[in-house]
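Chemist: Give the three-dimensional model of this entry:
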Amino acid sequence: MKRFLPVLIFVMLLAVSCTSVPKRTIDTSAKYEWEPAAFELNPQNTVFSAEGSVTMWLNVPQYKGRFNGDYEILSASPETWRMMITGPLNISVATVIIKGETADIFHEGKWDKGPWSAISKQLFNAEVDGNLLALMLGGRFEFKGECTAQRDGEMICKSGRTFYKFRGGEVLEVANGELYIVNEKPGWHGIYKSKNAFIFKNRKFTQVEKFEDSLFEVPKEDEKDEFDEL
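Modeler: Residues are numbered from 1 along each chain as shown. Purely as a prediction, here's the structure:
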């Protein structure tokens, strides 16, 4: 598999962080009395842009350590994304265009293609699908599965292998296998295999009526990136 991360990350890596790891509270092994459930959060936020800061604990052979940067993310649909990550001095680190299960990533002056599941593992040390990404950024989140009410007013829900903890219509925590994500307003803290994986801290969210399709297309070799013209 080709390298998915740009060389620029190497000079921006910091020492391994001592950031505390929040505790997991969802018990995925417990036996619950499930009831079928289906609902949406933020249905008005299907198309949006989001900005904020991101911390990633990279654990790939060529890069290991903590990276601090910023993100700008555009979502034209639950399957169509453009993610731009920058480092200190606004240096471009990675641009990723996601379409369903496939993604293109720009680094070292060229585009590479690969499965989004693999690229997200390189970037965030864990698989992050479009539905989960939308949830963390404040976009439209669609749930279909099973739920059970708890005595403390919370609700545990499950869709496939993913568990959610809700209170008052707000997601507090997500757990899927060895990955769990905790809602730490104004952002989210991801932990994979009991180690820090990523932190999203949201600063700005904007509803958008429609994006130009060209923003989610890989430019040809002799073309400028459409986003650079904005």
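
Chemist: from the middle of its chain, how far away would stretch 131-141 be?
Modeler: Its chain's C-alpha centre and that of stretch 131-141 lie 8 Å apart, by CA atoms, centre = their mean, to the nearest Å.

Chemist: Give me the contacts around the one helix or strand A38 maps to.
Modeler: Secondary structure from DSSP states H and E places A38 in strand 35-41. Contacts to strand 35-41, defined as CB atoms under 8 Å, 6 or more residues apart in numbering, come from residues 135, 140-148, 157, 169, 171. To be clear about C-beta, it is placed using only N, CA and C from the backbone, and glycine gets the same treatment.

Chemist: between those residues, which is closest to S49?
Modeler: Proximity of the contacts of strand 35-41 to S49 (CB to CB) peaks at R140, which lies at 13.7 Å.

Chemist: V21 and F205, how far apart?
Modeler: 27 Å (CB to CB, to the nearest Å).

Chemist: What is the helix or strand harbouring V182 packed up against?
Modeler: Using DSSP H and E, V182 maps to strand 179-184. In terms of contacts (3 or more CB pairs under 8 Å, 6 or more residues apart in numbering; DSSP states H and E), strand 179-184 is packed against strand 170-176, strand 187-192.

Chemist: Only C-alpha atoms, please: export the strand holding A38 in PDB.
Modeler: Extracted in PDB, the C-alpha atoms of strand 35-41 (Å, rounded to 0.1, in the frame of the first residue of the first chain):
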ATOM      1  CA  GLU A  35     -36.600  -2.200  21.300                       C
ATOM      2  CA  PRO A  36     -36.400  -1.200  17.600                       C
ATOM      3  CA  ALA A  37     -35.600   2.400  17.000                       C
ATOM      4  CA  ALA A  38     -35.000   4.800  14.100                       C
ATOM      5  CA  PHE A  39     -34.400   8.600  14.300                       C
ATOM      6  CA  GLU A  40     -32.200  11.500  13.000                       C
ATOM      7  CA  LEU A  41     -30.200  14.200  14.700                       C
END
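
Chemist: moving C-terminal of it, what's the next helix or strand?
Modeler: strand 48-60.

Chemist: quick check: mean pLDDT across the helix or strand following that following strand?
Modeler: Per DSSP H and E, strand 48-60 leads on to strand 63-77 as the next helix or strand towards the C-terminus. For strand 63-77, mean pLDDT rounds to 89.
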